[in-house]
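Peer 1: I need the structure of the sequence given here:
(chains A, B, C and D)
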There are 2 protein chains.
Amino acid sequence: MASIKDVAAEAGVSVATVSRVLNDHPSVSAEARTRVLAAVQTLGYRPNAVARSLRTDQTHTLGLVISDVMNPYFTELARSVEEEARALGYSVIIGNADERPDLQDHHVRNLLDRRIDGLLVSPTDGGSPLMLDAVRAGTPMVFVDRWIPGVDVPVVRTDGRAAVRDLVAHLHELGHRRLAIIAGPAATTTGRERVEAFREALGEYGLELPDAYIGQGDFQAESGRRVTEGFLDLPEPPEVVFAADNLMALGALDAVRARGLRVPDDLALAAFDDIRWFVHTDPPVTAIAQPTGELGRAAVRALVDRIEGRPGESVTLPGRLVVRRSCGEPPNPPQSPTPVQRSTS
Amino acid sequence: MASIKDVAAEAGVSVATVSRVLNDHPSVSAEARTRVLAAVQTLGYRPNAVARSLRTDQTHTLGLVISDVMNPYFTELARSVEEEARALGYSVIIGNADERPDLQDHHVRNLLDRRIDGLLVSPTDGGSPLMLDAVRAGTPMVFVDRWIPGVDVPVVRTDGRAAVRDLVAHLHELGHRRLAIIAGPAATTTGRERVEAFREALGEYGLELPDAYIGQGDFQAESGRRVTEGFLDLPEPPEVVFAADNLMALGALDAVRARGLRVPDDLALAAFDDIRWFVHTDPPVTAIAQPTGELGRAAVRALVDRIEGRPGESVTLPGRLVVRRSCGEPPNPPQSPTPVQRSTS
DNA sequence: CAGGTCGATGTAATCGATTCCATGAGTTCC
DNA sequence: GGAACTCATGGAATCGATTACATCGACCTG
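Peer 2: Predicted structure coming up:
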């Protein structure tokens, strides 16, 4: 592969001049410029990004460590992150932690070794020493979706509190009183917050959230299935389960189906995270939608701000309830959509 | 960030010795080794991968350019690629082409500039000059899923021919005679092959595939919707549509639903690519499953073989028909599964 | 016209690693 | 005891870029 020296030789100038042309430095004669450009053409020269990074100490690369690529929510997030980054002149390297702290550390270490300019993380746990060290060492970082309390890093996330309240109102209106939740890992902020928001909202209707109705999941489908089976085995099973993410909702659907039961008649279902497939499931699933694309873009902007020396602010966007049929038919069926009903199904 | 010089100073040895310890070269005294390791510890030193790559001319990184990350099939492929690569000591940088040749070129160029060791591509089109140049220049490359004819690069893919034949047999048995297909872009091998396989299979049953029953899609949901609406507007609409990928099937589902029609009664549906959501759609969708994980792993192995100087072989794996309910109830409902029926729904 | 400014260019240091080569100490063997 | 080796180590070149600094005309100005 041709290097800058070859171009210099071909054009009959020094490597410095070639470099100046390539980085369009003002002080280059038109003559030299055309000669260099011609040489670049004939040799098919492309600057070596590795060498450039070594010298300039910047890679124009962002690291993104997400909890689970197979989760459509994170896939969409990753996509919007890449788009915005590209628009700002950065590339993105994605690391998939698969909800495993050890894998998360592996990717963080790898990305740090590659000297990425900044890191976008959706932490799987309460924060490994490695990550905390990176923050302390001054690596530009931004948390997306989940975050680690007590760490001074901007957070870009959804506040689902209001939407959860809307959801509980909706469930209450449909006559449901025994509401259960499939929680995410307690080590994650989203795992804890969604339970808290749910409990609070229930409180507003004078309802309790007994321990038996809090199932411990791990954001994966299998755990949703397991927890739902536990619920169904209870002497007094819940009337509704609220899954704290879309994959656990899928698992819940599996469990109900495996027993030959039906949603919503035997058990109603709602989920955090709206994904396009929920429109087509049987029945379409009521869910809390996050402004995923906006989240990804905001996170990249905050990170790039940090990298380029600007403040870089936290952003919190509201979630939104999308009512479908998985919690029961609305009591007033044929009617124009109310503010709460923004279903696309 | 501490460099190898700092470590050398701290340990009281030369940088050469530090490097030798780190790459465990045999000729280092135990004494020196422990001193260096101690220094590495106290400084929290991590080798700079950028500098190392510049010197050794290898990045231990694979590039993966896929057609569309939001497509669950490719997401799963990407995941298995990353896993296998990690097992072999490589990282992966994913580029999402979004079915756009210009974006594909952008990513290929970017990856080449970063001097990745090898490239895994699922081409969006017939092959840009850029990609052909890269092959000619000797960049280790492997095609996954789709490929470019006439280019000497190993191909790892699914042969769906037999499964398509099974599908047509199934449809024929259910009494369907007017079968239509939503094709992928003609510029892709998978776009063409699936139509061909379908046509051939129809031929075996004495059925034709009229032009009106070949809808031109682009592997995105919206095109599936559009094409399906076209089919439904025909004076004599088809009884079945076979979508050449899962997203177009989703679009077809949308179109049918939007007209207040039902699957399979008004229009039956089958898809290429099986994804977990198909179990839960209304109705569950009959699909041709690809051995996606195995495909990703085989592709990585072939690529790493090439990189490390071994041959690197093409691999073709068979697809498999998974019968569900979207084409109609099997004529003999309560019966043990036949070889063709391997449904998980 | 001497001195200063400015624009174009080249030389060389530098980034952080790896690795060839030289050196010197310690062993082995005849 | 000296030649021949081995082993551990350090010095320095190298990878391919960027960039500070030096140089050298050409031009401007008083």
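
Peer 1: the residue of the stretch 201-345 of chain A found nearest DNA strand D: neighbour count?
Peer 2: Among all residues of the stretch 201-345 of chain A, residue A:308 sits closest to DNA strand D, at 14.9 Å; criterion: C-beta to the nearest atom of the strand. Using the backbone N, CA and C atoms, a C-beta is placed for each residue, glycine as well. When neighbours are defined as other C-beta atoms under 10 Å in any protein chain shown, residue A:308 has 12 of them.

Peer 1: backbone dihedrals for it, please?
Peer 2: Main-chain dihedrals, residue A:308, degrees, to the nearest 10: phi -90, psi 20.

Peer 1: return the distance of it relative to DNA strand C.
Peer 2: 20 Å (C-beta to the nearest atom of the strand, to the nearest Å).

Peer 1: kindly report the same for residue A:227.
Peer 2: 46 Å.

Peer 1: was I right about that residue contacting residue A:217?
Peer 2: Yes - with contact defined as C-beta atoms under 8 Å, residue A:227 reaches residue A:217; the gap is 5.3 Å.

Peer 1: pass me the low-pLDDT residue ranges in the stretch 101-250 of chain A, would you?
Peer 2: Scanning the stretch 101-250 of chain A for pLDDT under 70 picks out no residues.

Peer 1: give me every residue in it lying close to DNA strand D.
Peer 2: Taking C-beta under 7 Å from any atom of the strand as the criterion, DNA strand D has no neighbours within the stretch 101-250 of chain A.

Peer 1: for DNA strand D, give me its nearest residue in the stretch 101-250 of chain A.
Peer 2: residue A:115 (12.9 Å).

Peer 1: what touches both of residue A:227 and residue A:217?
Peer 2: A:182, A:248, A:251 (C-beta atoms under 8 Å, 6 or more residues apart in numbering or on different chains).

Peer 1: gap between the first one and DNA strand C?
Peer 2: Translated: residue A:182. In this view, residue A:182 and DNA strand C are 45 Å apart by C-beta to the nearest atom of the strand.

Peer 1: look up how far residue A:96 lies from that residue.
Peer 2: Using C-beta to C-beta, to the nearest Å, residue A:182 is found at 23 Å from residue A:96.

Peer 1: out of the two, which sits in the more crowded spot?
Peer 2: Between residue A:182 and residue A:96, counted using other C-beta under 10 Å, residue A:182 has the larger neighbour count: 33 against 27.

Peer 1: ok, that one - contacts?
Peer 2: Contacts of residue A:182 (C-beta under 8 Å, 6+ apart): A:215, A:217, A:223-224, A:227-228, A:241-244, A:248-249, A:252.

Peer 1: then residue A:217?
Peer 2: So residue A:217 contacts A:182, A:183, A:184, A:185, A:223, A:224, A:226, A:227, A:243, A:244, A:248, A:251 (C-beta under 8 Å, 6+ apart).

Peer 1: dump those into a markdown table; add secondary structure as well.
Peer 2: Listed next are these as a markdown table, based on DSSP: H, G, I helix; E, B strand; the rest coil:
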| residue | secondary structure |
| --- | --- |
| A:182 | strand |
| A:183 | strand |
| A:184 | coil |
| A:185 | coil |
| A:223 | helix |
| A:224 | helix |
| A:226 | helix |
| A:227 | helix |
| A:243 | strand |
| A:244 | coil |
| A:248 | helix |
| A:251 | helix |
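
Peer 1: which of those lies closest to DNA strand C?
Peer 2: residue A:185 (35.2 Å).

Peer 1: quickly list what the closest residue to residue A:153 other than its chain neighbours is bridged to.
Peer 2: In space, residue A:153 comes closest to residue A:141 once its chain neighbours are excluded; the distance is 4.9 Å by C-beta to C-beta, 6 or more residues apart in numbering or on different chains. Applying DSSP bridges to residue A:141 gives these bridge partners: residue A:119.

Peer 1: looks like residue A:141 contacts residue A:132 (just checking).
Peer 2: No - using C-beta under 8 Å, residue A:141 is not in contact with residue A:132; the gap is 10.4 Å.

Peer 1: between those two, who's got more neighbours?
Peer 2: Between residue A:141 and residue A:132, residue A:141 has the larger neighbour count (other C-beta under 10 Å), namely 22 against 14.

Peer 1: in what helix or strand does the spatially closest residue to residue A:45 that is not a sequence neighbour lie?
Peer 2: Excluding the flanking residues, the one nearest residue A:45 by C-beta to C-beta, 6+ apart is residue A:2, at 4.6 Å. Residue A:2 is part of no helix or strand when elements are defined by DSSP states H and E.

Peer 1: try residue A:156
Peer 2: strand A:155-159.

Peer 1: again, but for residue A:63
Peer 2: Assigned by DSSP H and E, residue A:63 falls in strand A:61-66.

Peer 1: and that strand, what does it pack against?
Peer 2: Applying 3 or more C-beta pairs under 8 Å, 6 or more residues apart in numbering or on different chains; DSSP states H and E, one finds that strand A:61-66 contacts helix A:72-87, strand A:91-96, helix A:101-113, strand A:118-121, helix A:292-307.

Peer 1: so what touches the second one?
Peer 2: Which is strand A:91-96. Contact partners of strand A:91-96, identified using C-beta under 8 Å, 6+ apart, comprise A:60-66, A:68-69, A:78, A:81-82, A:85-86, A:103-104, A:106-108, A:110-111, A:114, A:116, B:79, B:82, B:91, B:93-94, B:110, B:114.

Peer 1: at 7 Å what do you get?
Peer 2: A:60-66, A:68-69, A:78, A:81-82, A:85, A:107, A:110-111, A:116, B:79, B:82, B:93-94, B:110 (C-beta atoms under 7 Å, 6 or more residues apart in numbering or on different chains).

Peer 1: what do you get for the fourth one?
Peer 2: Applying C-beta under 7 Å, 6+ apart, the external contacts of strand A:118-121 come out as A:62-65, A:81, A:111, A:131, A:134, A:139-144, A:299, A:303, A:306-307.

Peer 1: now list the buried members of those.
Peer 2: Buried members of these, counted by 16 or more other C-beta atoms under 10 Å in any protein chain shown: A:62-65, A:81, A:111, A:131, A:134, A:139-144, A:299, A:303, A:306-307.

Peer 1: hmm, residue A:307 is touching residue A:116, no?
Peer 2: No - the criterion here is C-beta atoms under 7 Å, and residue A:307 misses it with residue A:116 at 9.8 Å.

Peer 1: all strands for chain A, in order.
Peer 2: All strands of chain A, identified by DSSP state E, fall at A:61-66, A:91-96, A:118-121, A:141-144, A:155-159, A:179-183, A:214-216, A:240-243, A:268-272, A:286-289, A:315-318, A:320-322.

Peer 1: how far does the last one sit from the chain's center?
Peer 2: Average the C-alpha atoms of strand A:320-322, do the same for its chain, and the two points are 18 Å apart (C-alpha atoms, centre = their mean, to the nearest Å).

Peer 1: give me the phi and psi for the residue nearest to residue A:287 when sequence neighbours are not counted.
Peer 2: Using C-beta to C-beta, 6+ apart and skipping the chain neighbours, the partner closest in space to residue A:287 is residue A:274 (4.0 Å). Main-chain dihedrals, residue A:274, degrees, to the nearest 10: phi -100, psi 130.

Peer 1: per-residue pLDDT, residue A:274?
Peer 2: Looking at residue A:274, its pLDDT reads 96.

Peer 1: quick one: residues contacting it.
Peer 2: A:287, A:288, A:289, A:322.

Peer 1: among those residues, which pair sits farthest apart?
Peer 2: A:288 and A:322 (7.3 Å; C-beta to C-beta).

Peer 1: is the residue nearest to residue A:69 when sequence neighbours are not counted bridged to anything, and to what?
Peer 2: In space, and not counting its chain neighbours, residue A:69 is closest to residue A:96: 4.4 Å by C-beta to C-beta, 6+ apart. Residue A:96 forms beta bridges with residue A:66, as assigned by DSSP bridges.
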